[in-house]
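Undergrad: this one's structure only:
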């Protein structure tokens, strides 16, 4: 029987911040609020790629894309989207 390995693909928070058009600090806040799945390894934070894709596509249940630093509504309220 074949077994399939489901290894998580992890992305550095700097890369995630660039993809979201925001800062690494905001990425950490997304992790803290549970909007992204992340983990710390030896002082560096990483985000699961599937979690990032879900957030970008709005499949995370919130339905709103994350706010960018230029957003006038701030804090991911969904007012821009």
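TA: Okay, I see it. Quantities reported herein were computed from a predicted structural model and do not represent experimental measurements. Numbers count the residues shown, from 1 in each chain.
Undergrad: hey, where'd the helices end up in the protein?
TA: In the chain, the helices defined using DSSP state H lie at 13-20, 24-32, 49-57.
Undergrad: what residues does the first one touch?
TA: Going back to what we said before, that points to helix 13-20. Applying C-beta atoms under 8 Å, 6 or more residues apart in numbering, the contact partners of helix 13-20 are 11, 23-24, 26-28, 36, 38, 44-47, 52, 55-56, 66, 68. Where C-beta positions appear, they are placed from N, C-alpha and C, glycine not excepted.
Undergrad: any idea of the mean pLDDT for it?
TA: The average of the pLDDT scores along helix 13-20 is 96.
Undergrad: buried set for it?
TA: For helix 13-20, burial by neighbour count (16 or more other C-beta atoms under 10 Å) applies to 13, 15-17, 19-20.
Undergrad: pLDDT value on residue 45, please?
TA: Per-residue pLDDT puts residue 45 at 96.
Undergrad: that one: what's its closest spatial neighbour, skipping adjacent residues?
TA: Of all residues not flanking residue 45 in the chain, residue 13 sits nearest, at 4.7 Å (C-beta to C-beta, 6 or more residues apart in numbering).
Undergrad: ok so, going back, of the helices of the chain, which is nearest residue 7?
TA: Closest to residue 7 of the helices of the chain is helix 49-57 (C-beta to C-beta; 10.8 Å).
Undergrad: how long is stretch 10-30 from one end to the other?
TA: Separation of the first and last residues of stretch 10-30 by C-alpha to C-alpha, to the nearest Å is 15 Å.
Undergrad: could you point out where this protein is predicted with low confidence?
TA: Applying pLDDT under 70 to the chain flags residues 1-6, 59-81.
Undergrad: make it 80
TA: Low-confidence segments of the chain (pLDDT under 80): 1-7, 59-81.
Undergrad: how about the nearest residue to residue 44, chain neighbours excluded?
TA: By the measure of C-beta to C-beta, 6+ apart, the closest residue to residue 44 outside its immediate chain neighbours is residue 12, 7.1 Å from it.
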